[in-house]
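Asker: turn this into a structure:
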Amino acid sequence: MRNETVACDVTVVGGGLAGVCAAIAAARLGQKVALVQNRPVLGGNSSSEVRVWVCGATAHGANRYARETGIMGELFVENQYRNIDGNPYIWDLVVLEAVRAEANIQLFLNTDVHEVEADGPQTDRKIRSITGWMMGSERRIRFESAIYLDCTGDGLVGFLAGADFRLGREARHEYGEDWAPEIADEITLGSTLLFYTKDAGHPVKYTPPSFALDITKTDIPINRVIHSGDNGCAYWWIEWGGEHDTVHDNERIRDELWSIIYGIWDYIKNSGKFDADHMTLEWIGSLPGKREYRRFIGDYVLNQHDILAQEPFEDRIAFGGWSIDLHPPQGIYAKERGSKHLYADGIYHIPYRSLYSANVGNLMFAGRDISATHVAFGTTRVMATCAVIGEAAGTGAALAVRHGVSPRDIHRERLTELQQTMLRQDASIIGVRSDDPDDLIRQAQASASSTLTRLAVEPDGSTHALGEADLGILLPVAPRLERIELLVDVDRETELTVALWDTGRAENYVPHAEIVSATVRVAAGERQWIEVPLVWEPEQEQNAFLIVSANPDVRVHTADQQTGMLLFLKGDPPKLAPEDEHRPQPLRQWTMSGLRRRAVCLRSYPETDAYAPSRTSGGYLRPYGGPQLWSSERLAAGAEAWLQYSWDAPVSLRTVQLVFNDDVNEDLINLHHHRTLFEAIPELVRDYRIEARVAGEWTTLVEESGNHKRMRRHTLDTPVNAEALRLVILATNGGAHAEVVEVRAFG
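Answerer: Reported below is the predicted structural model:
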């Protein structure tokens, strides 16, 4: 046996997506990081060992413009490019390579932390070291650092350090949450095992093991939907253990889940009710995918009201958008549905104060153990949200080390620095402007080869019948709207009504309050541009949500999507439990089903400033009350487009950082939930060069081809004294416009 000591700046325990993103964030900011994982692979529940698909703020497409950016966004986009079919082993490699790319990370796989040295009174404790055992290598490793991050999910490190925590469900009166029980208890969400099947191409028999559950003697076939060809995603409801201790009873829970899976497969194969003669089991998980255990207490406890009110915390450092998603304690044996969902009207914000311990001064946490009530945890627990929380925690830890202060001091004294540091890394914060004093672009005058100033979507021959459902059209108003024109086919003379609503909040994409409406008489005929007067000049630029009333005599023409514009259909009100029927849930009623990446053929007047070159500096890095990017006019075949930044006097230029549009409205996935058709997001710039004007002459600094990434950072071997900087876009990955979210330049 070997005893070792590893000294570093930040120790991250837990190699799920929260821990991975925390470690990468801290390492990129120059800190030495130890990433400690008790399994042979990274990725936690998303890994090939467990195979849960990574969900996040998009809520499988319910939330608009909600896909995560930053490190989690990099993983999504890279996996899409390399692994379009969602192979779980390729996903393992994508995550592993992201960690190995960081020279400041030491990775310790198969290392189980079981000892924590901490001291001090209960109200002010400090971790001195943690110790882990590397299985198979007989190495006992002691980790010493200034800051420790518990990303274990179960919260073992914080527990051993004496951190305050909660387990189970709070009572309703504690936070006034109406989804909480009347009396507090220790019930949690249960664990799940998944399985894969495949068609073997020939008959395959199946003899169940002796411990397989006979599900015909249960209510499972009645209460759950079973199909022979479903992938693992369809069986998330094979859940059990919420009434037990999901840690200490983990083995018992696994055995019960195995018995259920083998019993379900026996039912599929041998009941005669399914076409499954050629089907066989390909893979069954052996590690229960845990949903919930300890939740630490921070300086703030996120709760149900914060989620539904979309509280815009001053210290927001991440966002989520999954529903509050709670499951019955009995899991698969419950008679009620396997889950119930409650949505806010859009994404919600997560405060930094929920990421550090209230009583252990150098402990931070990220993932499913953050400071949140059981109800709020019902949404923060999904992995992409855990990942963006991890990036925020890793950034906070790095700044705490840099300045020699506690994580709490970062909130008290350096909150702006924390947020701006994250934005420089393209992290997932919504509604906070970039304000980087080192960014030379902020001192320059921006111009472009062309700019999209008129929203005008021209037809491609497709139409959509208004029929029985209202149609929703989202478009930016910057700064004023006077009228729109719609291209329609009309079967017989009729009236068409269009109402303009605001969205209530800049981060929302549902109708909130009606501003103005107009009804126009339209004659029978095809391909008519009809004019609808809709006058609106909001106090500050924002999106308008137009509702075109259903009309069986009218078809609207559609075409490929235009960035900044979305198309919706109004569905039936969602079915809710009686106690929740008073809650409007427009997010679930207005969907893009069948209309993704489509737009209505529309012309708006007057011209818009929503796509101006100035949007690429000192603004927002994500859609927020508008697209928040520069867009060229439609590109002709083989044509170039450019953005240019000019200074009054030459500046010393060393690094150029670019953020391209990767359409965060597109719902990507890492595994097998759905397949997205393209490897590279079409709107992303593919080929480009960076030029500088030096002593009156343009010179090429960088040339790139085949890009599929959102953010690119180019550092020159030696600085140049530039009078102007130009980004020349030669080709996209299929998009019709050149689109850039942000450009930064540093000396």
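
Asker: what ranges do the helices span in this structure?
Answerer: Assigned by DSSP state H, the helices in the chain fall at 17-28, 70-82, 88-100, 156-161, 172-175, 220-223, 250-270, 304-309, 374-380, 383-403, 407-413, 415-424, 586-589.

Asker: buried residues in the fifth one, which are they?
Answerer: The one in question is helix 172-175. Within helix 172-175, the residues scored as buried using 16 or more other Cβ atoms under 10 Å are 172, 175. Any C-beta I mention is one placed from the backbone N, CA and C, and that applies to glycine too.

Asker: ok now it, how far from the chain's centre?
Answerer: 29 Å (Cα atoms, centre = their mean, to the nearest Å).

Asker: which outside residues touch that helix?
Answerer: For helix 172-175, contacts defined as Cβ atoms under 8 Å, 6 or more residues apart in numbering pick out 178, 180, 181, 182, 184, 301, 303, 304, 305, 373, 375.

Asker: deepest-packed of the helices of the chain, please.
Answerer: Counting by mean count of other Cβ atoms under 10 Å, helix 17-28 has the highest mean neighbour count of those, with a mean of 31.

Asker: which one of the helices of the chain lies nearest to residue 118?
Answerer: With Cβ to Cβ as the measure, helix 156-161 is the member of the helices of the chain nearest residue 118 (4.2 Å).

Asker: mind giving me the packing neighbours of the closest one?
Answerer: Where contact means 3 or more Cβ pairs under 8 Å, 6 or more residues apart in numbering; DSSP states H and E, helix 156-161 is packed against strand 111-119, strand 126-134, strand 147-150, strand 363-365.

Asker: kindly recompute the last result at 7 Å.
Answerer: Helix 156-161 sits against strand 111-119, strand 147-150, strand 363-365, with contacts defined as 3 or more Cβ pairs under 7 Å, 6 or more residues apart in numbering; DSSP states H and E.

Asker: which among the ones you listed is found nearest to residue 221?
Answerer: Closest to residue 221 of the helices and strands packed on helix 156-161, according to Cβ to Cβ: strand 111-119, at 39.6 Å.

Asker: now the closest one - C-alpha only, CSV.
Answerer: C-alpha atoms of strand 111-119 as CSV (Å, rounded to 0.1, in the frame of the first residue of the first chain):
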residue,chain,number,x,y,z
THR,A,111,-10.8,6.9,-5.8
ASP,A,112,-13.4,6.7,-3.1
VAL,A,113,-13.2,9.5,-0.5
HIS,A,114,-14.1,8.2,3.0
GLU,A,115,-12.2,10.4,5.4
VAL,A,116,-12.5,14.2,6.1
GLU,A,117,-10.3,16.1,8.5
ALA,A,118,-12.2,19.2,9.7
ASP,A,119,-12.2,21.3,12.8
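
Asker: look up how far residue 34 lies from the nearest residue to residue 67 once chain neighbours are set aside.
Answerer: Once flanking residues are discounted, residue 67 sits nearest to residue 664: 4.3 Å by Cβ to Cβ, 6 or more residues apart in numbering. The gap separating residue 664 from residue 34 is 32 Å, by Cβ to Cβ, to the nearest Å.

Asker: then residue 406?
Answerer: Residue 406 sits 20 Å away from residue 34, taking Cβ to Cβ as the criterion.

Asker: looking at those two, which is more packed in?
Answerer: Set residue 406 next to residue 34 and count neighbours by other Cβ atoms under 10 Å: residue 34 wins out with 25 against 20.

Asker: report the contact partners of the more buried one.
Answerer: 6, 8, 11, 12, 106, 108, 143, 145 (Cβ atoms under 7 Å, 6 or more residues apart in numbering).

Asker: hmm, back to that, reformat the helices and strands packed on helix 156-161 into a markdown table and put distance to residue 655 and mean neighbour count next to each item.
Answerer: Formatted as a markdown table, those follow (distance: least, Cβ to Cβ, whole Å; neighbours: other Cβ atoms under 10 Å):
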| stretch | distance to residue 655 | mean neighbour count |
| --- | --- | --- |
| strand 111-119 | 36 | 17 |
| strand 147-150 | 27 | 32 |
| strand 363-365 | 29 | 32 |
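
Asker: the contacts of residue 34 in strands, which ones?
Answerer: 6, 11, 12, 106, 108, 143 (DSSP state E).

Asker: return a PyMOL selection command for the buried portion of those.
Answerer: Selecting only the buried entries of the ones in strands among the contacts of residue 34 in PyMOL, with 16+ other Cβ under 10 Å as the criterion:
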select buried, resi 6+11+12+106+108+143
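
Asker: ok, so of the ones in strands among the contacts of residue 34, who is nearest residue 200?
Answerer: Nearest to residue 200 among the ones in strands among the contacts of residue 34: residue 108, at 39.8 Å, using Cβ to Cβ.

Asker: straight-line length of stretch 732-744, end to end?
Answerer: Terminal residues of stretch 732-744 are spaced 20 Å apart (Cα to Cα, to the nearest Å).

Asker: so where's the stretch 151-300 of the chain shaky on pLDDT?
Answerer: Applying pLDDT under 70 to the stretch 151-300 of the chain flags the ranges 232.

Asker: quick one: the strands in it?
Answerer: 165-166, 191-192, 195-199, 239-240, 279-284, 295-296 (DSSP state E, counting those that start in this stretch).

Asker: now the ones you listed as a markdown table including mean neighbour count and distance to residue 464?
Answerer: A markdown table is the format used below for these (neighbours: other Cβ atoms under 10 Å; distance: least, Cβ to Cβ, whole Å):
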| stretch | mean neighbour count | distance to residue 464 |
| --- | --- | --- |
| strand 165-166 | 18 | 49 |
| strand 191-192 | 28 | 39 |
| strand 195-199 | 17 | 36 |
| strand 239-240 | 26 | 39 |
| strand 279-284 | 16 | 38 |
| strand 295-296 | 28 | 46 |
